[in-house]
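S.K.: Need a 3D model of the following:
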Amino acid sequence: MIVLGIDPGTAITGYGVIHETPEGEIQTIDYGVITTPAGMPLEQRLRNLYQQLRELMLLHQPDSGAVEKLFFQRNVKTALAVGQARGVVLLAFAESGLDVISYSPMEVKQAVTGYGAADKKQVQQMVKALLHLEKVPHPDDAADALAVAICHLHSSHYLNRTRSE
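M.R.: Got it, this is the predicted structure:
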């Protein structure tokens with residue numbers, strides 16, 4: 001199964017593409033960030049994000065996707081912008097005909113580290129370990145997106161087991 005994980009944002013959107021082998025090993029296919037220029041009007045930034053997401057989907061042909069849920073931030077303006085980017089991400093998945101599941105930051109941390117209140121460094125170190133990487137993925141948004149993808153793989157196994165019982 002190939003999973004595309006997304007950490008949405010208007011300025012920076014992290015992405016991570018992972019694959020699970022038949023033996024159950026998780027392998028990294030690709031990760032990075034999609035950035036949009038700060039001076040660009042919002043609607044053009046969102047279009048740019050959408051186009052780059054569609055290119056990623058065409059390139060990697062994921063079987064499913066996962067996106068981090070928006071959690072309320074103190075800065076309402078930032079929260080609204082992230083919400084708009086998240087909407088574009090959901091649209092790109094829908095247009096591609098892919099199932100997408102949303103996970104809260106706590107669910108991602110729980111799935112990756114076993115502790116829902118883990119800090120960012122703990123999550124990054126577990127992403128590195130689980131994916132057998134030489135170093136922690138950079139920037140942070142890419143590491144977060146890989147964590148979302150890992151969460152989805154772990155969660156889909158659990159859901160498949162409970163459905164077959």
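
S.K.: pull the helix or strand with minimum mean pLDDT from this structure.
M.R.: Within the chain, no helix or strand scores below helix 140-164, which has a mean of 83 by mean pLDDT, DSSP states H and E.

S.K.: Now do the helices in the chain.
M.R.: Secondary structure of the chain (DSSP state H): helices located at 42-60, 76-95, 105-113, 120-130, 140-164.

S.K.: Can you give the contact residues for the third one?
M.R.: Which is helix 105-113. Here helix 105-113 makes contact (CB atoms under 8 Å, 6 or more residues apart in numbering) with 68-69, 71, 103, 115-118, 122-123, 126-127, 130, 144, 147-148, 150-151, 154-155. For every residue, glycine as well, the C-beta is placed using N, CA and C.

S.K.: Let me know how buried residue 117 is, in neighbour terms.
M.R.: 10 (other CB atoms under 10 Å).

S.K.: my bad, should have said residue 23
M.R.: Other residues near residue 23 number 5, with proximity taken as other CB under 10 Å.

S.K.: just residue 102 next, same as before
M.R.: Residue 102, neighbours per other CB under 10 Å, totals 17.

S.K.: That one contacts residue 65, doesn't it?
M.R.: No: with contact defined as CB atoms under 8 Å, residue 102 does not reach residue 65; the gap is 9.8 Å.

S.K.: if we can go back for a sec, could you dump the helices of the chain into a markdown table with distance to residue 36 added?
M.R.: Listed next are the helices of the chain as a markdown table, based on distance: least, CB to CB, whole Å:
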| stretch | distance to residue 36 |
| --- | --- |
| helix 42-60 | 4 |
| helix 76-95 | 9 |
| helix 105-113 | 23 |
| helix 120-130 | 23 |
| helix 140-164 | 13 |
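
S.K.: Let me know which of the ones you listed is the nearest to residue 12.
M.R.: helix 140-164 (5.0 Å; CB to CB).

S.K.: Where does pLDDT dip in this protein?
M.R.: Along the chain, the model assigns pLDDT under 70 to residues 72-74, 157-165.

S.K.: repeat that for 50
M.R.: Of all residues in the chain, none has pLDDT under 50.

S.K.: Just the buried residues of stretch 86-93, please?
M.R.: Of all the residues in stretch 86-93, those buried under the rule 16 or more other CB atoms under 10 Å are 86, 88, 89, 90, 92, 93.

S.K.: now do stretch 139-154
M.R.: 140-154.
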